Structures are given as structure tokens and as C-alpha cells.
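J.: just coords:
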């Protein structure tokens, strides 16, 4: 029964769908429960205590109400701020994501690099250790305040205007772009419209592979031959908002699998 239990995903909104899509491709026979905390999105401007409290409540729900066998923190800010606390408190596997800055070091260390992330991620001790270990000294760190919220709730015009203003000085200069928030891959097209032909780096594939390794080591991989199910939960109290989030979420993960 444990092997057929679902894997819980949590994010401040639907950005974590970009991580789930990679996981679905790698582990299609698993069952999943995705918790979108859109009532509290974005996490990037919240205190450590607020983020830990929210993540603790969500993980508790995923374990107690849905019997999840593992948790994926599909949010860079939540991973940076809450993963250590959650791993101390809970005994099940907890997989966290981080900006894919090491991938730049491995693949194009001499290219000018932008790291786009929230304030919470860039200011975290976890990111500082990663950054100083692999710093190519050709990197700009951009705290994209409000970008996740625009991707989550805004219009295409608002998104294009934000990116034009934020990335203007890097047009034709940037070669690598680290997407340090799981919402940001949903804006790849718009980012390229500003910066040109850049190479993107994010942690979704690495998280998916790590999840598979951990489940395999603990003998928790599903033995089902059937395609698994995905359950979506959103924390908004507004029923219309919840339905809109659900529809967009399933559109994203279905498009990724065409």
C-alpha cells in the first residue's frame, strides 16, 4: 500500500507545475497531490517564520489527509527557508529545489549569467553557499520582486512590461539565465523576447531525478503499470480563483506532455 501512496508537491502557487511536468515524464505511474498555496502567494517577500509555518501546515496536511510517501518542495524560496526545518520534523523523504547555478558552472562557466530569483532565495544562506562555490565572476543577481505574482495573476502586457524594465540592461549581453523560481519557466518566451537567444537553466530535472533515486533507495517506487493520478488543491477561499488555478494547472501539465 505504501508504494501506491501519492507524492506530495507544494508551491506558493502553480509555478511548481514546471517541476511536476518533469517528474510526470520520469515517473508516470506514480500518484501525485499538488498543493498550490495561492492564498499566500508570493512567498518571496515573507519572513522565514511565515514560510516555515505555511510549509509545515501544508506538509502536515499532505501526510495526514493524503498519506503522501514523499514531499517535493517545488518552490525555491520555500526550499531555501523551510527544507532544513521540515527534514528535522518529518521522517519521510523531502526533496527540495535550488537555483541551477551549478549547471552553468558545468556547461558554460565563461558565459555572462543572470540569476533571476526572489529576494528570499537570493538572501538565503543556502543560495549564498551555492553561489560562492560556483561563482564565475560574470554573474548578475536579479531580485525579481513581484514577478511570480504577475505570472500567477497578471496579464501578458503586465509581464512584458515588467521584463522589459527589469532586463533591459542585459539585452544582447546575457548568455545564461538561471530561473531561480519555479514560476519563471512559464515566462521563458517573454524573457527571450527581451534578452534574445539565451540558454535557460532550472532545477526541475535534477529534482525529478533525485526524487526517483530516493524512492528507489527506500523501495518506495510504485509498482503500478497504470498511469498515475494527479490531485490538485488550492488554498484560496474564492471558489472562482480555485477553479481558474485548477484549469491553468492542468493545462500546463497536459501541454508539457504532448
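T.: Received it, and whenever you're ready, just let me know what you need. Keep in mind that this is a model prediction, so the values were computed, not measured. Numbering: from 1, shown residues only.
J.: what's the distance between residue 87 and residue 214?
T.: 12 Å (C-beta to C-beta, to the nearest Å). Glycine gets a C-beta too; all of them are placed from N, C-alpha and C.
J.: And for residue 117?
T.: The separation that residue 117 has from residue 214, given C-beta to C-beta, amounts to 25 Å.
J.: Give me the more crowded residue out of the two.
T.: Using other C-beta atoms under 10 Å, the more surrounded residue of residue 117 and residue 214 is residue 117, with 29 against 15.
J.: Find me the pLDDT at that one, would you?
T.: Among the per-residue scores, residue 117 holds a pLDDT of 96.
J.: If you drop the residues flanking it in sequence, what lies closest to it?
T.: Counting by C-beta to C-beta, 6 or more residues apart in numbering, residue 117 lies nearest to residue 180, which is 3.0 Å off, once chain neighbours are set aside.
J.: Spatially central residue for this protein, please.
T.: Centrality entry for the chain: nearest residue to the mean C-alpha point is residue 182, 3.1 Å, by C-alpha atoms, centre = their mean.
J.: how about stretch 137-154: buried residues?
T.: Within stretch 137-154, the residues that count as buried by 16 or more other C-beta atoms under 10 Å are 139, 141-144, 146-152.
J.: Next: stretch 92-104.
T.: In terms of neighbour count (16+ other C-beta under 10 Å), stretch 92-104 has its buried residues at 92-104.
J.: now stretch 237-254
T.: Applying a neighbour-count criterion of 16+ other C-beta under 10 Å, one finds 242, 244-246, 249, 252-253 buried in stretch 237-254.
J.: What mean pLDDT does it get?
T.: So the average pLDDT for stretch 237-254 ends up being 92.
J.: ok, residues contacting it?
T.: Stretch 237-254 is contacted by residues 13-14, 17-18, 20-21, 24, 34, 36, 38-39, 186, 230, 232, 234, 236 when judged by C-beta atoms under 8 Å, 6 or more residues apart in numbering.
J.: where's it relative to the chain centroid, distance-wise?
T.: Offset of stretch 237-254 from its chain centre (C-alpha atoms, centre = their mean, to the nearest Å): 17 Å.
J.: Could you do stretch 162-181 as well?
T.: The chain centroid and the centroid of stretch 162-181 are separated by 19 Å under C-alpha atoms, centre = their mean.
J.: Buried ones in it, by neighbour count?
T.: Judged by neighbour count using 16+ other C-beta under 10 Å, the buried positions of stretch 162-181 are 162-163, 166-167, 170, 174-181.
J.: With stretch 194-204 instead?
T.: Buried-residue list, stretch 194-204, by 16+ other C-beta under 10 Å: 194-195, 198, 200-204.
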